[in-house]
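Novice: Predicted model follows, preceded by the sequence.
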Amino acid sequence: MVFKKKRDEDEFDFDFFFDDFEEEFRRMNERISRIFNEISRHMGDVQGPFVYGFTMKIGPDGKPRIEEFGNVPKMGFSELEGYREPLVDVSDDEKNVYVTAELPGVEKDQINLQVDETTVTIRTDVPERRYYKVIELPERVKPETAKASYHNGILDVTLEKEQPKKKGGTRVKID
């Protein structure tokens, strides 16, 4: 089939081609609007910027560990409404476990830090900067040995590891 050009037709007229694109973009825009409306309905009334991220490291056992942080709740579940999850790093050596958390925008006296043998809980209730996170520790620690410092938005916590009990138990004399 041979196409013949009409005399009054512009040889660079691509309107017929772009009409389809325009319609497709309009439909895409409607779909995106519906998706955002659905997300905002599930999220509730979240104020301020949305923060979400994750860190991935290899743990001492050689297995990968993925930790999430931010103020975007998981669909259908929110640990504490309106709190951000700070970026946290946990490391250890032979004697200690170290926890480092980024808490920008708060003062030292506004941080509530709780420690037990297996977890560290960080919470701030400053209206503009509300943080909350429960951190599982890689090993049991002695809570009474906890030392913490806070400088330039970085909280550093050092915890002494609980010494493992001697294996083998108690020797029993056999009669």
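Specialist: Arrived safely, thanks for sending. Computed from a predicted structure; not experimentally measured.

Novice: Break the protein into its domains for me.
Specialist: Per automatic domain parsing, the domain ranges recorded for the chain read 13-43, 52-160.

Novice: Could you identify which of these is most buried?
Specialist: Among the domains of the chain, the stretch with the highest mean neighbour count (mean count of other C-beta atoms under 10 Å) is domain 52-160, at a mean of 15. Every C-beta, even on glycine, is put in place using the N, C-alpha and C of the backbone.

Novice: Average pLDDT for that one, rounded please.
Specialist: Mean pLDDT, taken over the full extent of domain 52-160, equals 85.

Novice: Can you list the neighbours in contact with stretch 151-169?
Specialist: 92, 94-106, 111, 113, 115, 117, 120, 122, 137, 139-143, 145-150 (C-beta atoms under 8 Å, 6 or more residues apart in numbering).

Novice: what's the answer for stretch 109-116, then?
Specialist: 103, 120-126, 141, 143, 146, 148, 150, 155, 157, 159.

Novice: repeat that for 6 Å
Specialist: T121, I122, R123, T124, V126, P143, A146, A148 (C-beta atoms under 6 Å, 6 or more residues apart in numbering).

Novice: Need the max-distance pair from those.
Specialist: Pairwise distances across those (C-beta to C-beta) peak at 25.0 Å, for the pair V126 and P143.

Novice: Can you pull up the most central residue in the chain?
Specialist: Nearest to the geometric centre of the chain sits F69, at 1.3 Å (C-alpha atoms, centre = their mean).

Novice: shouldn't that one be in contact with R84?
Specialist: No - judged on C-beta atoms under 6 Å, F69 makes no contact with R84 at a distance of 7.8 Å.

Novice: isn't E102 right next to P86, touching?
Specialist: Yes - applying C-beta under 6 Å, one finds E102 in contact with P86, separated by 5.4 Å.
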